[in-house]
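Student: Structure for this input, please:
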Amino acid sequence: MTPTTRSGSRRVLLAAPRGYCAGVERAIQTVEKALELYGAPVYVRHEIVHNTYVVKTLQKKGAIFVEDTSQVSAHGVAPHIHEEAARRRLATIDATGPLVTKVHKEAVRYVSEDYDILLIGHEGHEEVIGTSGEAPDHITLVDPRAAAPSRPRGGRGRPCRRRRWCRARRPRLRPGRCRIGP
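Tutor: Residues are numbered from 1 along each chain as shown. Sure, this is the predicted structure:
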């Protein structure tokens, strides 16, 4: 039942802050557990959540957010990041969320089935960079905030014949916002 005042108007209660997806919640817990087990500092690849309060709280506990190859990631990374970490003999913890991992696996599977991929996501976002790194010659980014490519290209610059769509978990899309040309 909705609470009402005497004048009949309704009062809406908004829960704040909003919750996170299970993957982000898991990544936050992973950083906290790493700090508990190994002590500070724990190096985290990029800020694991777009929430200043959470980031500052983890920094106070000893997490250090970096853009270089590092120990913990929530958004997923391209295979070359794992290879670089191994080359540098870094102890790593992969905290990639399950939905992001699913998109990475879809990209690899589609390429193995000879498809090119149209990836819906925001250019420069870590999830998009990580997914694109799984099959860089076969992925065309479709950013809903930018003009869509009119003629997506396939691997090695050939015309794209067989296509599959993948979507990064983050973009909020409204119907009709993405359109691929002729």
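
Student: Which of the helices or strands spans Val31?
Tutor: helix 22-38 (DSSP states H and E).

Student: Run the chain-centre distance for the next helix or strand after that helix.
Tutor: Where DSSP H and E defines the elements, the next helix or strand beyond helix 22-38 is strand 42-45. In terms of C-alpha atoms, centre = their mean, to the nearest Å, the centre of strand 42-45 is found 16 Å from the chain centre.

Student: what mean pLDDT does strand 42-45 have?
Tutor: Looking at strand 42-45 alone, the average pLDDT works out to 86.

Student: Which elements pack onto that strand?
Tutor: Using 3 or more C-beta pairs under 8 Å, 6 or more residues apart in numbering; DSSP states H and E as the contact test, the elements touching strand 42-45 are helix 22-38, strand 63-66, strand 72-73. Quick note: C-beta positions are derived from backbone N, CA and C, even for glycine.

Student: Mind checking what helix or strand follows that strand in sequence?
Tutor: Counting by DSSP H and E, the next helix or strand C-terminal to strand 42-45 is helix 52-61.

Student: For this structure, which element, helix or strand, carries the lowest mean pLDDT?
Tutor: When the helices and strands of the chain are scored by mean pLDDT, DSSP states H and E, strand 72-73 comes last with a mean of 57.

Student: and Arg164, what helix or strand is that in?
Tutor: strand 163-167.

Student: got the CA positions of that strand in CSV?
Tutor: C-alpha atoms of strand 163-167 as CSV (Å, rounded to 0.1, in the frame of the first residue of the first chain):
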residue,chain,number,x,y,z
ARG,A,163,27.4,-11.5,-38.0
ARG,A,164,26.6,-12.0,-34.3
TRP,A,165,25.8,-9.4,-31.8
CYS,A,166,27.4,-9.2,-28.3
ARG,A,167,26.6,-6.6,-25.7
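
Student: Now tell me what touches that strand from outside.
Tutor: Residues from elsewhere that reach strand 163-167 (C-beta atoms under 8 Å, 6 or more residues apart in numbering): 103, 106-107, 110, 115-121, 131, 139, 152, 173.

Student: related to what we said a few turns ago, give me whichever of the helices and strands packed on strand 42-45 is most buried.
Tutor: Of all those, strand 72-73 carries the top mean neighbour count, a mean of 24, counting by mean count of other C-beta atoms under 10 Å.
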